[in-house]
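Participant: just a sequence and a predicted model for now, questions to come.
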Amino acid sequence: MKLNDRDLPHLHQQIFTTLVWAFLSFWILASCEISDSVPFDLPDYDEELIIHAVASPQSGGRAVIKYSQPVAGFPGKAPELPDIQAFLTHKNQQIVAFQLDSVSVVKDNNFFVQTIFLSIPPDSLQIEPGQFYAMEVFEPGTQNHYRSSLVLLPLKPIVEEFNMNCTGSGCIVTCTLGSVYSPVHAISINGKFPEDAIEDNYKKDLNNQIFNNDLIYPAPSQWERYDAISDFAQIVRRNPHDTLAPPVDIRVSISYLSSDIAQLIREIHGTHSIGEDIFQPIRPFHSNFHTEDGSVFGVFGLYNEDIRVIPL
């Protein structure tokens, strides 16, 4: 084929483009090979106190406190937990104390983690929607105080229509929620049998045992009427030697969550890191506890519920 002078610039452009793409392809492949051989140094282990607590007027308060753990295979050991006191506060005043339920060693992934479990009975928790509350944690030995930011108690859900259909091992709930004029950050529709042992629940993640794994993040966050649908599994946890008939009622909770707990759950689920909050954090999840040295992180959250016990 014979080229004339007008074709030469176009040919030069094609040759130049081909060379550029060839060089880029080689550079990308070479970079990948190099990156495979670069060691990744994790930060040294510095223990951090994890405080995770939630409360509602209907179910009371529950808190779990533990130390973060070093990444598996790297040196470091979490110290013994100090004596801890915890309070719910309103307008900088302590209004009710968390009760110590137990200090237990709980298996969490491949770690045996010393954990403090605290609670507030529902009849001891008098809190009002639209008011701000916080959690205060106190170490008598060091006189250290750790305080969460202020958290707004959401409104109680108004359930105008409710329907539940259970087949096999799962239930589907559909409901219509009444008007809301302050933001709702997340909705949980969850069900469990009333006699589930609280000790058994402690072995599960605090979020997952109270809230549905699949939260609803409504858009918009205010509405006249909102149609919601969610499902959950029927899980019966019983002593294998118990010959009694399975329970015939299920406790369904429709909850509005405060912004902090909604954000934490969204971040954890978004990174698919179930249980990884016990490790030394490379990128910490959302926290509303703040200290100058970063030695404490966690979330205190509030939620408000419509609870109904439905016969199956």
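Facilitator: Happy to help now that I have it.
Participant: how far away is N212 from P79?
Facilitator: 35 Å (CB to CB, to the nearest Å). Every residue, glycine included, has its C-beta placed from N, CA and C.
Participant: quick one: which of those two has more around it?
Facilitator: Legend: neighbour count by other CB atoms under 10 Å for N212 and P79, higher for N212 (22 against 8).
Participant: report the separation between the more buried one and T167.
Facilitator: Distance from N212 to T167, counting by CB to CB: 18 Å.
Participant: bridging residues for the closest residue to E80 other than its chain neighbours?
Facilitator: The shortest distance from E80 to any non-neighbouring residue, by CB to CB, 6 or more residues apart in numbering, is to Q114 (6.7 Å). Applying DSSP bridges to Q114 gives these bridge partners: V105.
Participant: contact partners for Q114?
Facilitator: Q114 sits next to 66-67, 78, 80-81, 103-105 when contact means CB atoms under 8 Å, 6 or more residues apart in numbering.
Participant: check this protein for its longest strand and report it.
Facilitator: Secondary structure of the chain read by DSSP state E shows that its longest strand is strand 296-311.
Participant: domain-wise, how is this structure divided?
Facilitator: According to automatic domain parsing, the chain comprises the domains 49-152, 159-272+305-311.
Participant: worst mean pLDDT among the ones you listed?
Facilitator: Note on the domains of the chain: lowest mean pLDDT is at domain 159-272+305-311, with a mean of 79.
Participant: show the end-to-end separation of it, please.
Facilitator: 18 Å (CA to CA, to the nearest Å).
Participant: check stretch 169-186 too.
Facilitator: The straight-line separation of the ends of stretch 169-186 (CA to CA) is 25 Å.
Participant: may I see the buried residues of it?
Facilitator: 171, 173, 175, 177, 180, 184-186 (16 or more other CB atoms under 10 Å).
Participant: pLDDT at E292, what is it?
Facilitator: pLDDT, E292: 75.
Participant: sorry, back to before: how about the buried residues of stretch 169-186 in a markdown table, adding distance to E160 and secondary structure?
Facilitator: Output for the buried residues of stretch 169-186, formatted as a markdown table (distance: CB to CB, whole Å; DSSP: H, G, I helix; E, B strand; the rest coil):
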| residue | distance to E160 | secondary structure |
| --- | --- | --- |
| C171 | 20 | strand |
| V173 | 14 | strand |
| C175 | 8 | strand |
| L177 | 7 | strand |
| V180 | 12 | strand |
| V184 | 15 | coil |
| H185 | 21 | coil |
| A186 | 20 | strand |
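Participant: out of the residues you listed, which one sits closest to T89?
Facilitator: Nearest to T89 out of these is H185 (CB to CB; 21.5 Å).
Participant: touching, the closest one and S259? I think so.
Facilitator: Yes: taking contacts as CB atoms under 8 Å, H185 lies within contact range of S259: 4.5 Å.
Participant: and the nearest residue to V96 once chain neighbours are set aside, how many neighbours does it have?
Facilitator: Nearest in space to V96, with sequence neighbours left out and distances taken as CB to CB, 6+ apart, is L88 at 5.0 Å. Residues lying near L88 (other CB under 10 Å) number 24.
Participant: ok, now which ones touch L88?
Facilitator: Here L88 is in contact with 55, 61, 94-98, 120, 125, 127, 133-136 (CB under 8 Å, 6+ apart).
Participant: now restrict those to buried residues only.
Facilitator: Buried among those by 16+ other CB under 10 Å: 55, 61, 96, 98, 120, 125, 127, 133-136.
Participant: in TSV, list those along with distance to V71.
Facilitator: As requested, the buried ones among the contacts of L88 are exported to TSV (distance: CB to CB, whole Å):
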residue	distance to V71
A55	32
G61	31
V96	37
F98	30
I120	34
L125	37
I127	38
Y133	35
A134	32
M135	28
E136	31
